[in-house]
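In: Any chance you could fold what I've pasted below:
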Amino acid sequence: MKKILQKLGLNPNNSIVIGSGILQALGIRKSKDMDIVATQEIYDSLKKSRKFTISKNHGRETLADNLFEIGTSWNVLGKSYSFKDFDNDSIVIDGVRFITLDFLYKAKRSWVDGGYARK
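Out: This is a model prediction of the structure:
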């Protein structure tokens, strides 16, 4: 995972893997894709590269391809989280920044409670 992210210029100082990526990093289960929150600067750089399709997800612009969905925020738990908002809810594993399991649990629990969760 680290090498794939590095090829795009993504590192623990400018991006965080959100969603179930932490589950793969810990060997709990495989993840089909990587959802990323990046700083505005790296996002703009990736957008200019034209390597991704510009799309909309939950009302926000994202960059997407078969493996990645990259945005500048994640709307979860009643808040829009930017990269800097994850300081206390992230962990670096093998040179990749991830949300913590605790944060992922809270997010997924809120989706279940709100009726938005997938089976």
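In: and Arg77, how many neighbours does it have?
Out: In this structure residue 77 is Leu, not Arg. Residues near Leu77, counting by other C-beta atoms under 10 Å, number 13. Any C-beta I mention is one placed from the backbone N, CA and C, and that applies to glycine too.
In: so who does it touch?
Out: Applying C-beta atoms under 8 Å, 6 or more residues apart in numbering, one finds that Leu77 lies in contact with 106-107, 110.
In: Next step: those restricted to helices.
Out: 106-107, 110 (DSSP state H).
In: Can you measure across stretch 31-49, start residue to end residue?
Out: In stretch 31-49, first residue to last residue: 25 Å (C-alpha to C-alpha, to the nearest Å).
In: what about it, average pLDDT?
Out: For stretch 31-49, mean pLDDT is 96.
In: Could you pull out the buried residues of it?
Out: 31, 34-39, 42-43, 46 (16 or more other C-beta atoms under 10 Å).
In: Closest to Asn88 out of those?
Out: Checking the buried residues of stretch 31-49 against Asn88 by C-beta to C-beta gives Val37 as the nearest, at 14.7 Å.
In: Let me know whether my guess that that closest one is in a strand holds.
Out: Yes - counting by DSSP: H, G, I helix; E, B strand; the rest coil, Val37 is part of a strand.
In: so who does it touch?
Out: 15-16, 18, 70-74, 81-83, 86.
In: could you redo the residues you listed as TSV and give each row distance to Phe98?
Out: Shown next, in TSV, are the contacts of Val37 (distance: C-beta to C-beta, whole Å):
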residue	distance to Phe98
Ser15	10
Ile16	7
Ile18	8
Ile70	15
Gly71	16
Thr72	17
Ser73	17
Trp74	13
Tyr81	14
Ser82	16
Phe83	13
Phe86	9
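In: Highest neighbour count among those?
Out: Ile16 leads the contacts of Val37 on contacts (other C-beta under 10 Å) with 29 neighbours.
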